[in-house]
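> Below is the structure, and that's it, no one-letter string:
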């Protein structure tokens, strides 16, 4: 059974930065695509970024492309999301998720989810 634990969320002023981390248990981490998603109150869960198992493929949503960076350390079973130039619209609960070897942006293609970490950006 895979367990994912996110950390690094918090309250930050607009223009600031946060680095989210997600530690995974289990033996399949290095083979799996890892994704970050976010969900604001009353909204659907949206794709933010993904990284393939070997980190050769990364892909970002349009709103994240120039401000966020996803990375991973397979030796530590950890995936990161560096978020810069944060905006109030980035306020949401951020989730990491583990999928298969194939990189998908769809929520339904990810099998395991963390509990989420709150990011709040004040104006």
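All right, it came through fine. Because the structure is a prediction, the values reported are computed rather than measured.
> contacting residues for the one residue sitting closest to the centre of the chain?
In the chain, the C-alpha nearest the mean C-alpha coordinate belongs to residue 36, at 2.3 Å (Cα atoms, centre = their mean). By Cβ atoms under 8 Å, 6 or more residues apart in numbering, the contact set of residue 36 is 20, 22, 48-50, 70, 79, 81, 94-97. Quick note: C-beta positions are derived from backbone N, CA and C, even for glycine.
> Can you tell me which of these comes closest to residue 104?
residue 50 (7.5 Å; Cβ to Cβ).
> Would you quantify the distance from the closest residue to residue 45 other than its chain neighbours to residue 116?
Of all residues not flanking residue 45 in the chain, residue 39 sits nearest, at 4.3 Å (Cβ to Cβ, 6 or more residues apart in numbering). Residue 39 sits at a distance of 8 Å from residue 116 (criterion: Cβ to Cβ, to the nearest Å).
> any idea which element the residue nearest to the centre of the chain lies in?
strand 34-39 (DSSP states H and E).
> Now do that strand: distance to the chain's middle.
In terms of Cα atoms, centre = their mean, to the nearest Å, the centre of strand 34-39 is found 4 Å from the chain centre.
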